[in-house]
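> Sharing a sequence plus its predicted fold:
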Amino acid sequence: MVDRNGNRITAAGIPTGPIDAAPAAARHADGTFKDAGAQEAILRDALLRAGVELGEHDDRIIRWFADFADWSTLATITSWIERARTEDAPPEPGAKLAPVLPGLDRVVGESFVADYEPGADTPSQVWHVTERAVTPVPSASWTPRLLATLDRTRRSS
């Protein structure tokens, strides 16, 4: 897809390559402009897919920035985040998980996938899988509920 200023963009309107002209204002499917809430969701999605762990102050700044910034600024900065991801970053939307490494057990529970070392009670890696992206879940975000769900799934397989 290309916006009206010639930038290659994602479905959310974020440029995917170098930006020579200001990103065109993004609209929802119904033709209305993306509001601060939509802009916040797009920025958060980019940060999470880039593996950025967020604290309370981060959350406040994201909300403030999404409310303060015009679309062109938010889209440019979000594009930088997307383009700066390293080779270890999550795959692009629609990509598949890498094959499980030898010796690991792969468990799928709800919308999460986890790899376990042999005999380990805690996963070595967890991903959140949606139709848009495969996103690594930082270990600090592994909740007791998530671990219990994965453990139940693991024990039943």
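On my side now, so go ahead. None of these values were measured; they are calculated from a predicted model.

> Would you tell me what helix or strand the residue lying closest to Ile42 once chain neighbours are set aside is located in?
In space, and not counting its chain neighbours, Ile42 is closest to Ala12: 5.1 Å by C-beta to C-beta, 6 or more residues apart in numbering. Yep, even glycine has a C-beta here, placed from its N, CA and C like the rest. Secondary structure from DSSP states H and E places Ala12 outside every helix and strand.

> ok, Ala12 - contacts?
For Ala12, the contacting residues are 26, 42, 45, by C-beta atoms under 8 Å, 6 or more residues apart in numbering.

> The first one reaches Thr78, doesn't it?
No: using C-beta atoms under 8 Å, Ala26 is not in contact with Thr78; the gap is 10.5 Å.

> which helices and strands does the lowest-mean-pLDDT helix or strand in the chain pack with?
Of all helical and strand segments in the chain, the minimum by mean pLDDT, DSSP states H and E falls on strand 105-109, at a mean of 71. Applying 3 or more C-beta pairs under 8 Å, 6 or more residues apart in numbering; DSSP states H and E, one finds that strand 105-109 makes contact with strand 112-116, helix 144-156.

> so what pLDDT did the most centrally placed residue in the chain get?
Nearest to the geometric centre of the chain sits Arg49, at 2.6 Å (C-alpha atoms, centre = their mean). For Arg49, the model assigns a pLDDT of 77.

> how about Ala38, what does it touch?
26, 28.

> just wondering, since we're on Trp127, how far is it from Ala148?
Between Trp127 and Ala148 the computed distance is 17 Å (C-beta to C-beta, to the nearest Å).
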